[in-house]
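> Quick one: sequence and predicted model below, then my questions.
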Amino acid sequence: MYFNVKSCVATALALLAFTTQAQQYQGTNPVPPLVACSGQGAGNCNLGFVGFNYDGGTTWNWVTIYDNACNPIGGAYGNVDNDDNPWGLDSELPYVTVLYQVGWPNDDYFAFAYADYSFGGEFACGFQDAYGDDFNVCQHAFPC
C-alpha cells in the first residue's frame, strides 16, 4: 500500500478548512454566536434575539430563552421573522412562550407573551462584531 504524505496533509487541511467554515454562524447553527442575556434574579428569564445586521436592517436568525443565570433553556434558530407569527417556542419552562412580532415596525421592536405576562415594545439592543460579521443583539427580561 502506497502512503502519500502530501495527499494526507492536503486532505487534512481541506477538512480543517471545511470544519472551520461549517462552524461559522450563517443562520444554520442552533447556538447563537453571542449571548443575548444579562443575569436576572430568581424567578426571571430573558428572551434574547441575535441577527445579522445589514444595511437594510437586521435578519433575525436566533431567538433564545435563558434562565436567570443566562443558561439557554429553549428557543429557535433559522430565519426568525414575522411570517409565521404568532408561534410558540419550545423550552424547559412550564408554559409556552409565544412570539407575536419580531423586529417590526423597527429592528428593536418585539412582542411576546409568557403565562400571564405580555410585552410589546423595544428590547434592549446593541450591535456587536463577532466572527467577521456585524450582529444586532436584543434582550428582554420577563417573569418565569
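Thanks, I have the structure now.
> For the closest residue in space to residue 57 that isn't next to it in sequence, pull up the helix or strand it's in.
Spatially, and ignoring its direct neighbours in sequence, residue 57 is nearest to residue 107 (5.5 Å; Cβ to Cβ, 6 or more residues apart in numbering). C-beta: built from backbone N, CA, C; applies to glycine. Residue 107 belongs to no helix or strand when assigned by DSSP states H and E.
> ok, residue 107 to residue 89 distance?
For residue 107, the distance to residue 89 equals 20 Å [Cβ to Cβ, to the nearest Å].
> I'd say the residue nearest to residue 57 and residue 125 touch.
Yes: using Cβ atoms under 8 Å, residue 107 is in contact with residue 125, at 7.2 Å.
> where do the contact lists of the two overlap?
With contacts taken as Cβ atoms under 8 Å, 6 or more residues apart in numbering, residue 107 and residue 125 have residue 136 as neighbours in common.
> Tell me where the model's unsure across this structure.
Applying pLDDT under 70 to the chain flags residues 1-31, 33, 82-85, 105.
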